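Participant: Coordinates only, no sequence provided:
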């Protein structure tokens, strides 16, 4: 409750300010350029298109206060539709990925520890405000046991050409299992500025993020959970591997994207200079006071031998500085031609060099990458296209080819195509990692992944289709390399690996809603197939979400109500398992999960600009078998009733 009340008292003065003249909009000319007058004109009301949210790629959406089933899908910890993701039992933990390629591809090497980054906002995730008047949005949702999830957002425009936004998302969720509490904090500050003639445009942001999880390593005896024994209905009675381990991912970033037009007045031919700067500092920390685990009265060294008998404190630090300079020639008929060069400096490091019996593990992985490239953007009538090519001039052999086209048939129907081919550099934690556990130390020199991807999307008023074809060579992953003897002792050893054979992946995603009167059935179906010689890239062949609901207005249309049931299901498959020591999922071929339904009952309502959500999650767990897992050793959550809301204010 402390998080909720703290955010409330911080937001309360803003709310008072933002409610002044709430039914009116500001006329910019009269607000900023008018002189004193005895008789004032009535200010015109603002329209919805004056409240814009703009992405880094200049894609524009509007602040939407309507209630829909799509809005309900995004009322969660990530604040987005999480179809294709399977959450762990506690709010604020990681997610298992049911759909390959869901997070996209980048040719540049990243920090790694990807299982910790589902709630970590990257530069391309930040949105910039362009609003007519001050705007406030409050998000709240209950969690598991003690704690709340809250997100407060405020945007203001001191002038028509200057916008600021500030936001803070916080979470505390205790969870039902031993050593499972989650605490997160995401602070975001953005600013946007453009000159009156549009000659100079700049977007900048600063973010500070912390994702902290108590890590129990999963339940130590899955049969206790699956037995259905009432003695274990209190989940705190189930044994876990670790009772005092914790992981923390913390990062800060300062980012600027700016454009300057060289010619003073915009004409049919224009020349621009662009610059993008990104400085980021991240670290991942795993701590564990008690090293041996006790399972059924037996001592288990879960991650093998350790250099320390207690007080493990493994810390990985990373920083990068990225600069990109571009020259853009824009012709109103032909489109925009961009030529750019960029420079990436990164350092990934530990405090000490580690000398083992067979090898030496260095403490630093420093990279300097320079690339050059070109981009062509075309927008004419119903066509919108982009072609990008970049290649490194340093030794890393990085390249990226990305071509896309969008055709707007009309306002309700659109078709898009995309082809991407790249040499992707390995994430840093594949090539270097140090730990207090002896077998979790490595220094590698993996080759680049080769990825070719083709996607076709059709968004129509009848149905939405998405086809994805991927071919991957030299696929990088983490693998279970434990011996049979180690597994018999309960030991889990995970290491990075590279698969030398080709992997071909295909998926078809279909979305369609059927509406009959006040009833609707919303369906999203995903079909996937992987062609590979070994179980390396593992996904369920079929994933579905089906929502049956009733909608109607009540109380003279003052209340809009939705009541329904949501079904989520996926077929059984060899799910990746989670290792908190390295903050990654790893491939395994011994345990299958899936083939169980997840049923939710919900009531959604809208009163003016307030959206209210009440959901009974996984209510079929009250009478079903305990066979629901998010990953091997990690159960999915039990029946839970949660309440939440989203509240918008406009000045």
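Facilitator: Looks like it came in fine. Since the structure is predicted, the reported quantities are computational estimates derived from the model, not experimental observations.
Participant: Provide the backbone phi and psi angles at the spatially most central residue of the chain.
Facilitator: Taking Cα atoms, centre = their mean, the centroid of the chain lies closest to residue 118, which sits 4.2 Å from it. Note on residue 118: its backbone torsions stand at phi -70, psi -30 [degrees, to the nearest 10].
Participant: right, and it touches residue 85 too?
Facilitator: Yes. Residue 118 lies in contact with residue 85 (Cβ atoms under 8 Å); the separation is 7.4 Å. Yep, even glycine has a C-beta here, placed from its N, CA and C like the rest.
Participant: which neighbours do the two share?
Facilitator: Shared contacts of residue 118 and residue 85, defined by Cβ atoms under 8 Å, 6 or more residues apart in numbering, are found at 78, 95.
Participant: which element is residue 429 on?
Facilitator: Secondary structure from DSSP states H and E places residue 429 in helix 428-431.
Participant: on contacts alone, who are the packing partners of the following helix or strand past that helix?
Facilitator: Using DSSP H and E, the next helix or strand after helix 428-431 towards the C-terminus is strand 432-433. Judged by 3 or more Cβ pairs under 8 Å, 6 or more residues apart in numbering; DSSP states H and E, the packing partners of strand 432-433 are strand 442-443.
Participant: Just checking, which helix or strand succeeds the strand it packs on along the chain?
Facilitator: Next along from strand 442-443, by DSSP H and E: strand 449-459.
Participant: All the helices of this structure, residue numbers only.
Facilitator: Here the chain has its helices, by DSSP state H, at 2-18, 28-33, 69-73, 222-226, 428-431, 484-488.
Participant: Comparing the ones you listed, which yields the minimum mean pLDDT?
Facilitator: When the helices of the chain are compared on mean pLDDT, helix 28-33 scores lowest, with a mean of 34.
Participant: Name the helix or strand of this protein that has the lowest mean pLDDT.
Facilitator: The helix or strand of the chain with the lowest confidence, counting by mean pLDDT, DSSP states H and E, is helix 28-33 at a mean of 34.
Participant: Pass me the low-pLDDT residue ranges in this structure, would you?
Facilitator: Along the chain, segments meeting pLDDT under 70 span 1-44, 103.
Participant: First-to-last residue distance for stretch 302-309?
Facilitator: End-to-end span of stretch 302-309 (Cα to Cα, to the nearest Å): 13 Å.
Participant: no no, stretch 141-149
Facilitator: Terminal residues of stretch 141-149 are spaced 5 Å apart (Cα to Cα).
Participant: which residues are contacting it?
Facilitator: Contacts for stretch 141-149 (Cβ under 8 Å, 6+ apart): 1, 3-4, 75-77, 89-92, 139-140, 150, 170-176, 181-182, 613, 637, 640, 642-645.
Participant: got a list of contacts for the helix holding residue 429?
Facilitator: The contact list for helix 428-431, computed with Cβ under 8 Å, 6+ apart, reads 109-113, 316, 318, 346, 348, 365, 443-446, 476, 496, 582, 584.
Participant: Out of those residues, list just those in strands.
Facilitator: In this view, the contacts of helix 428-431 that belong to strands under DSSP state E are 316, 318, 346, 348, 365, 443, 476, 496, 584.
Participant: Name the nearest residue to the third one, sequence neighbours excluded.
Facilitator: Here the nearest residue to residue 346 in space, its sequence neighbours aside, is residue 320; by Cβ to Cβ, 6 or more residues apart in numbering that works out to 3.9 Å.
Participant: how many neighbours does that neighbour have?
Facilitator: Close neighbours of residue 320, defined as other Cβ atoms under 10 Å, add up to 22.
Participant: isn't it right next to residue 278, touching?
Facilitator: Yes. Using Cβ under 8 Å, residue 320 makes contact with residue 278 at a distance of 7.4 Å.
Participant: Okay, strands next: where are they in the stretch 151-300 of the chain?
Facilitator: Assigned by DSSP state E, counting those that start in this stretch, the strands in the stretch 151-300 of the chain fall at 162-173, 182-194, 200-215, 245-261, 269-290, 293-295, 298-300.
Participant: do you know which of those strands lies nearest residue 578?
Facilitator: Nearest to residue 578, of all the strands of the stretch 151-300 of the chain, is strand 200-215, at 9.3 Å by Cβ to Cβ.
Participant: Neighbouring strands of that closest one in the sheet, and parallel or not?
Facilitator: Sheet pairing here is set by DSSP bridges, and for strand 200-215 it gives strand 182-194 (antiparallel), strand 245-261 (antiparallel).
Participant: Now do the strands in the stretch 451-600 of the chain.
Facilitator: All strands of the stretch 451-600 of the chain, identified by DSSP E, counting those that start in this stretch, fall at 464-473, 475-480, 494-499, 503-516, 519-531, 542-554, 559-570, 577-579, 584-586, 598-607.
Participant: which one of those strands lies closest to residue 214?
Facilitator: For the strands of the stretch 451-600 of the chain, proximity to residue 214 was assessed by Cβ to Cβ; strand 577-579 is nearest, at 13.9 Å.
Participant: so how far is that closest one from its chain's centroid?
Facilitator: 18 Å (Cα atoms, centre = their mean, to the nearest Å).
Participant: now swap in stretch 527-543 and tell me
Facilitator: That offset, for stretch 527-543, works out to 22 Å (Cα atoms, centre = their mean).
Participant: For the closest residue to residue 526 other than its chain neighbours, list each beta-bridge partner.
Facilitator: In this structure, residue 526 finds its nearest non-sequential neighbour in residue 543, 4.2 Å apart by Cβ to Cβ, 6+ apart. Beta-bridge partners recorded for residue 543 (DSSP bridges): residue 526, residue 570.
Participant: Buried residues in stretch 94-105, which are they?
Facilitator: Using 16 or more other Cβ atoms under 10 Å as the test for burial, stretch 94-105 gives 94-101.
Participant: cool, and stretch 481-490?
Facilitator: For stretch 481-490, burial by neighbour count (16+ other Cβ under 10 Å) applies to 482, 486, 490.
Participant: Any idea how far apart the tips of stretch 620-630 sit?
Facilitator: 16 Å.
Participant: what comes into contact with it?
Facilitator: So stretch 620-630 is in contact with 86-89, 96, 222, 225-228, 575, 593, 596-599, 618, 635-636, 638-639, going by Cβ under 8 Å, 6+ apart.
Participant: Near residue 360, how many other residues are there?
Facilitator: Per other Cβ under 10 Å, the neighbour tally for residue 360 reads 9.
Participant: Show me what it is bridged to.
Facilitator: Bridge pairing for residue 360 - DSSP bridges - gives residue 355.
Participant: close enough to count as contact, it and residue 352?
Facilitator: No. Between residue 360 and residue 352 there is no contact under Cβ under 8 Å: 11.3 Å.
Participant: Now do the contacts for residue 109.
Facilitator: Contacts of residue 109 (Cβ under 8 Å, 6+ apart): 346, 367, 369, 425-428.
Participant: Good, wrapping up.
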